[in-house]
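Chemist: Got a predicted model here, sequence first, then my questions.
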Amino acid sequence: MKPVCVLGNGQLGRMLRQAAEPLGIAVYPVGLDAEPASLPIAESVITAEIERWPETALTRELARHPAFVNRDIFPRLADRLTQKQLLDELGLATAPWQLLAAPDEWPAVFEKLGELAIVKRRTGGYDGRGQWRLRADETETLPAECYGECIVEQGINFSGEVSLVGARGQDGSMVFYPLTHNLHEEGILRTSVAFPQADSAQQQQAETMLRAIMQALDYVGVMAMECFITPQGLLINELAPRVHNSGHWTQNGASISQFELHLRAILGLPLPQPAVFAPSVMVNLIGSDVNHAWLAQPLVHLHWYGKEVRPGRKVGHLNLTDSEPSRLATALHALQPLLPPEYASGLAWAQAKL
């Protein structure tokens, strides 16, 4: 089996390596400044844990590598302008939007999109960074350098957020996990809840949309699609051409994790439908020190990334899975005093979902 080099050595690369070990697959997460000569690049399959990267000796080498899976797709989806254009070309539902080129466009923007505008940097910007929620009397707060470098979307009145994680194999076959319900606070994913059976109409719509996207791009591997729930159906918010934070529950709640599924897809291994037998909850650990008292709870699986703890930084996550939702809710209640106060709202939201 060919080894896999992962462009990026953060937690996603680390979890890809962990998923590969039982399969006997060698995975090398590599930093952007790594020397190409020090890596088994020539004989490897190349993937990435990030959508965009600066030019370095390594990335110049990989840009020419014929086995860099989805190499030409990453820049198309990393730019929110070209990502939105793709969705429009495919006729898929997304929030009304436009490129924000100059300050004098604001009157027309609010006339077209309504009273709340969501401004997003075309590239970069994640976990709530590089985004602004503006009304007509607040546009002067937008930095001048954003014009031409941002898109603006209509603020959507949604009742919930869900994501679909799926994978496409080299032969074009596709498999999907059940929809995941997500809670974001200040733009950062705090908590996810997944059930073995999602709402059938939402699941069907989401699978149809993500299937069309992966097919149109001839994509291979795992892709995530975030959506808003509206009375008219699902609206696509954003796409991620990689394993995704909202799919972390699959490490303990599915027969095949999203990380193993991605490796299977890019290496041409069998891609069966992952089995999901029980509800799962994922709690992101954000800027919090590790607390081994969490492990006193029998349902808790701790995934710690080994990163320096800083405010707003994702440093790990907790997965909980049980066939009985009431036991899950009880476990979340028991976790609350072991976590800082800012986790209470996410835990309460998950308990209500269960």
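Modeler: Received the coordinates, thanks. Residues are numbered from 1 along each chain as shown.
Chemist: Just confirm Arg135 contacts Val119, I think it does.
Modeler: No. Using CB atoms under 8 Å as the test, Arg135 is too far from Val119 to be in contact (11.5 Å). (Each C-beta comes from the backbone N, C-alpha and C, glycine too.)
Chemist: Those two: which is more packed in?
Modeler: Neighbour tally, Arg135 and Val119, criterion other CB atoms under 10 Å: the higher count belongs to Val119, 21 against 12.
Chemist: Does that one belong to a helix, a strand or coil?
Modeler: Put simply, Val119 is strand when judged by DSSP: H, G, I helix; E, B strand; the rest coil.
Chemist: for His301, same thing?
Modeler: strand.
Chemist: separation between it and Ala216?
Modeler: Distance, His301 to Ala216, using CB to CB, to the nearest Å: 36 Å.
Chemist: Next: Trp53.
Modeler: Counting by CB to CB, the gap from Trp53 to Ala216 is 24 Å.
Chemist: Over to Trp249?
Modeler: Taken as CB to CB, the span from Trp249 to Ala216 is 28 Å.
Chemist: Neighbour count for those two, which is higher?
Modeler: Trp249 (27 against 12).
Chemist: That one: what's it in contact with?
Modeler: By CB atoms under 8 Å, 6 or more residues apart in numbering, the contact list for Trp249 reads 180, 192, 194, 280-282, 319, 321.
Chemist: could those residues go into a markdown table alongside pLDDT and neighbour count?
Modeler: Listed next are the contacts of Trp249 as a markdown table, based on pLDDT from 0 to 100; neighbours: other CB atoms under 10 Å:
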| residue | pLDDT | neighbour count |
| --- | --- | --- |
| Thr180 | 98 | 28 |
| Ser192 | 98 | 27 |
| Ala194 | 98 | 28 |
| Ser280 | 98 | 27 |
| Val281 | 98 | 30 |
| Met282 | 98 | 29 |
| Asn319 | 98 | 20 |
| Thr321 | 98 | 22 |
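Chemist: In strands, which of the residues you listed appear?
Modeler: 180, 192, 194, 280-282, 319, 321 (DSSP state E).
Chemist: Reformat those residues as JSON lines; add distance to Arg242.
Modeler: Output for the ones in strands among the contacts of Trp249, formatted as JSON lines (distance: CB to CB, whole Å):
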{"residue": "Thr180", "distance to Arg242": "16"}
{"residue": "Ser192", "distance to Arg242": "16"}
{"residue": "Ala194", "distance to Arg242": "19"}
{"residue": "Ser280", "distance to Arg242": "20"}
{"residue": "Val281", "distance to Arg242": "22"}
{"residue": "Met282", "distance to Arg242": "17"}
{"residue": "Asn319", "distance to Arg242": "19"}
{"residue": "Thr321", "distance to Arg242": "23"}
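Chemist: Which of the residues you listed lies at the shortest distance from Arg14?
Modeler: Distance to Arg14, by CB to CB, is smallest for Asn319 among those, at 15.6 Å.
Chemist: Can you tell me the SS state at Ile50?
Modeler: Reduced to three states by three-state DSSP, Ile50 is coil.
Chemist: The chain should start at 59 in everything you say after this.
Modeler: Let's use 59 as the start, then, which means that last one is Ile108.
Chemist: Tell me how far the residue nearest to it when sequence neighbours are not counted lies from Leu74.
Modeler: Excluding its sequence neighbours, the residue lying closest to Ile108 (CB to CB, 6 or more residues apart in numbering) is Gly66, at 4.4 Å. Between Gly66 and Leu74 the distance is 10 Å, computed by CB to CB.
Chemist: hmm, who's touching stretch 80-87?
Modeler: Contacts for stretch 80-87 (CB under 8 Å, 6+ apart): 59, 61-64, 66-68, 71-72, 74-75, 78, 97-98, 102, 107, 318, 321, 325, 327.
Chemist: Equivalent analysis for stretch 129-142, please.
Modeler: 104, 106, 109-110, 120-121, 123, 144, 152, 155, 157, 178-181, 209, 275, 277, 296-299.
Chemist: related to what we said a few turns ago, what touches both of Gly66 and Leu74?
Modeler: 87, 107.
Chemist: And Tyr184, what's its pLDDT?
Modeler: For Tyr184, the pLDDT comes out at 68.
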